[in-house]
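Peer 1: Whatever this is, show me its structure:
(chains A and B)
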Amino acid sequence: MTKKEFNLEKYIRPIEKAFTLAIRLILLFFVFTQVSFGQTAVQVSFIPVINKSEIELNKELVLSDNQKITITNLRFYISKFQLLKNEKVQSTWNKEHHLIDLKQQSTLKWILDSVETDFDKIKFLLGLDSFTNVSGALTGDLDPTKGMYWTWQSGYINFKIEGAFINSNEGNKVFEYHLGGYLPPFQTIQQISMPSNSKNEIKLVLDFDSFFLSSETANMARVMSPGQNAQTLSRLLVKCFRFYEE
Amino acid sequence: MKNKIRVLFVIALPFVLIGFSLIDSDKNIFQYPTSWPKPHYNFDNNPLNKVQIELGRKLFYDPILSANNTISCASCHLSYTAFTHVDHALSHGINDSIGTRNSPVLINLAWNELFMWDGAVNNIEVQALAPISHPAEMGEEINHLIQKLQKDKNYPLRFYKAYGDSLITSQHILKSMAQFQLTLVSANAKYDKVKRGDEAFNPQEFKGYELFLKHCNSCHSEPLFTNGQLASNGLSIDTNLKDVGRFAITQVNDDSLKFKIPTLRNIEFSQPYMHDGRLNSLSEVLKHYASEISTSQNLKSDLKDNLPLSDKDRVDLVAFLLTLTDKEFLFNPNYSYPLQ
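Peer 2: Numbering: from 1, shown residues only, chains lettered A, B, ... in the order given. Coordinates of the predicted model:
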């Protein structure tokens, strides 16, 4: 009996040994991937402004042509935020889709953990790609309860800005822009890509001055569905981004 | 003794693992004939599960989905009439308001790529958001609906049983409702029995089937009796409704007056017909295709001329269309109002 048990021991031992070794290797792998060289944390922040003044919701602001304006709602999606070096992707933010909402200040900044210090360009998408738009009921920032999903037709609003031009004589002129649409030929997603010298902080200014002074916005106070108008206005937004200068 | 336990453990481990992978009692919920194409819906992201289907069924039949708790999905999609609003050209919703479209049948939805008459919805999971939010249908808002369900005395427990979480989310509402609707498979009409060799068409039905293959099958393609596309079928535009169909969604001229090609399964029970329910009987529908097609820029090329269908041909065609009635589907107890 004892002899038989001893024999079996011979077969079990290697299996157990291999198992413990595998666990050790997995643990080592995790430790190594966390600590590597040449990496740092980069803080990213978005600063929505109108002609140099930071936007506070419901506050009166002045455009560069002296028109008074107020913003009541500002929400938009950014996707696939990346840092590049010589056109090669160095780091990608692990949060693929992010909803920025001016009502929640915490959504305006985040930290990219352990990214390569050596980058010369940032790149991201303004809006959500078509795959996300056909992917059914999603959660988190993509939850249809976030007020960024059209109900009467499938698809996300990529960019929402609402407010009014303040005019004491004629009364306020309300504007509502719900920009979205993923179907060709009127896709609204935009790629933003900007050369960057900064190392530890990326501060992006989103200045709506040119957007509201454009003839396109002057001619339409409301865009609430996909189509040519939504695409035209979405393209205007690309020119609103720049880096913050002290 | 200690070694014996270790031996048993090592030997048993693979069997236990294999065993777990085999436990899948929900595998047989969704069945369809082997000759059919694969469903369009990707079940991997929302595997069918009996408890979740039952939750979806509860929601489907519950007027809590509407703003004043009066209208459920079943108000316009009745199981006994192939899940459409029979005898109503335009379906009516909350506070007797009336929509602009005839409620479509809910049949074999797993094969649908687009939903609604204009294909406005691209995934069955988000379809329910449209009627829930529409002011003339349920007039509700998804966040408010979640609050109502969370406060209800039964729903938190039902969601817990279905998803292991009593906190109700839009995703769990929408995915469970999708699950119930995905189970609405109709594949056992006389037509299907003939195809399996269990029954035979009578001479009139057979004549009708031949005419169908010649004139109808390019759009209403077997075995689903739709090719899933949108097309303009020669109906003149209703000057009151001014419904331009797909164009309203895409803003592309080529999509003007295009509507989804509906399945013909259970067509006997889903009158009235067409996107605005303007035709009351199958003979009126066939009369339209035989003599009343109105030309427009995007008219489907097969319909450029009226279809050459004699009076007798039309009677034969109707005889064939009646073989698409699936009583087992219409009276399936799993689809009807949930008791308890």
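
Peer 1: Would you mind listing what in the stretch 101-250 of chain B touches chain A?
Peer 2: Residues of the stretch 101-250 of chain B that fall close to chain A, judged by C-beta under 8 Å from any C-beta of the partner chain: B:120-126, B:129-130, B:132-134, B:142-143, B:146, B:169-171, B:174-175, B:178, B:249-250. Where C-beta positions appear, they are placed from N, C-alpha and C, glycine not excepted.

Peer 1: In helices, which of those residues fall?
Peer 2: B:124-126, B:129-130, B:132-133, B:142-143, B:146, B:170-171, B:174-175, B:178, B:249-250 (DSSP state H).

Peer 1: Give me the buried subset of the residues you listed.
Peer 2: B:124-126, B:129-130, B:132-133, B:142, B:146, B:170-171, B:174-175, B:178, B:249-250 (16 or more other C-beta atoms under 10 Å in any protein chain shown).

Peer 1: and these, which two are the farthest apart?
Peer 2: B:146 and B:250 (31.1 Å; C-beta to C-beta).

Peer 1: Report the contact partners of residue B:229.
Peer 2: With contact taken as C-beta atoms under 8 Å, 6 or more residues apart in numbering or on different chains, residue B:229 is in contact with B:219, B:260-261.

Peer 1: Just the pLDDT for it.
Peer 2: Note on residue B:229: pLDDT of 97.

Peer 1: Show me where chain B has its helices.
Peer 2: Using DSSP H, helices in chain B cover B:2-22, B:50-60, B:73-76, B:124-127, B:129-133, B:142-151, B:155-163, B:170-182, B:190-196, B:203-215, B:247-250, B:282-291, B:311-321, B:327-330.

Peer 1: How many residues are close by the closest residue to chain A within the stretch 201-340 of chain B?
Peer 2: The minimum distance from the stretch 201-340 of chain B to chain A, using C-beta to the nearest C-beta, falls at residue B:251 (4.1 Å). As a burial measure, residue B:251 scores 20 neighbours (other C-beta atoms under 10 Å in any protein chain shown).

Peer 1: In this structure it contacts residue A:223, no?
Peer 2: No. With contact defined as C-beta atoms under 8 Å, residue B:251 does not reach residue A:223; the gap is 12.0 Å.

Peer 1: So for the closest residue to residue A:141 other than its chain neighbours, what's the pLDDT?
Peer 2: Take residue A:141 and drop its neighbours on the chain: the residue closest to it by C-beta to C-beta, 6 or more residues apart in numbering or on different chains is residue A:99, 4.0 Å away. The predicted structure scores residue A:99 at 98 on the pLDDT scale.

Peer 1: Please list the residues outside the host helix or strand of residue A:99 that contact it.
Peer 2: Taking DSSP states H and E as the criterion, residue A:99 maps to strand A:97-101. For strand A:97-101, the surrounding residues in contact (C-beta under 8 Å, 6+ apart) are A:46, A:74-79, A:81, A:107-108, A:110, A:128, A:132, A:140-142, A:146, A:148.

Peer 1: ok, now with 10 Å
Peer 2: A:44, A:46, A:48, A:73-81, A:107-110, A:124-125, A:127-129, A:132, A:138, A:140-143, A:146-148, A:156, A:159-160, A:206 (C-beta atoms under 10 Å, 6 or more residues apart in numbering or on different chains).

Peer 1: Provide a ChimeraX selection command restricted to the buried entries of the residues you listed.
Peer 2: Filtering these down to the buried ones (16+ other C-beta under 10 Å) takes a single ChimeraX command:
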select /A:44,46,48,73,74,75,76,77,78,79,80,81,108,110,124,125,127,128,129,132,138,141,142,143,146,147,148,156,159,160,206
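
Peer 1: what residues are up against residue B:201?
Peer 2: B:190-191, B:194, B:207-210, B:319-320, B:323 are the contacts of residue B:201 under C-beta under 10 Å, 6+ apart.

Peer 1: I meant residue B:180, not that one.
Peer 2: Contacts of residue B:180 by C-beta under 10 Å, 6+ apart are B:48, B:52-61, B:73, B:106, B:334-335, B:338.

Peer 1: Now restrict those to buried residues only.
Peer 2: Buried among those by 16+ other C-beta under 10 Å: B:48, B:52-61, B:73, B:106, B:335, B:338.

Peer 1: Which single one of those is nearest to residue B:84?
Peer 2: Nearest member of the buried ones among the contacts of residue B:180 to residue B:84, counting by C-beta to C-beta, is residue B:106, at 7.7 Å.
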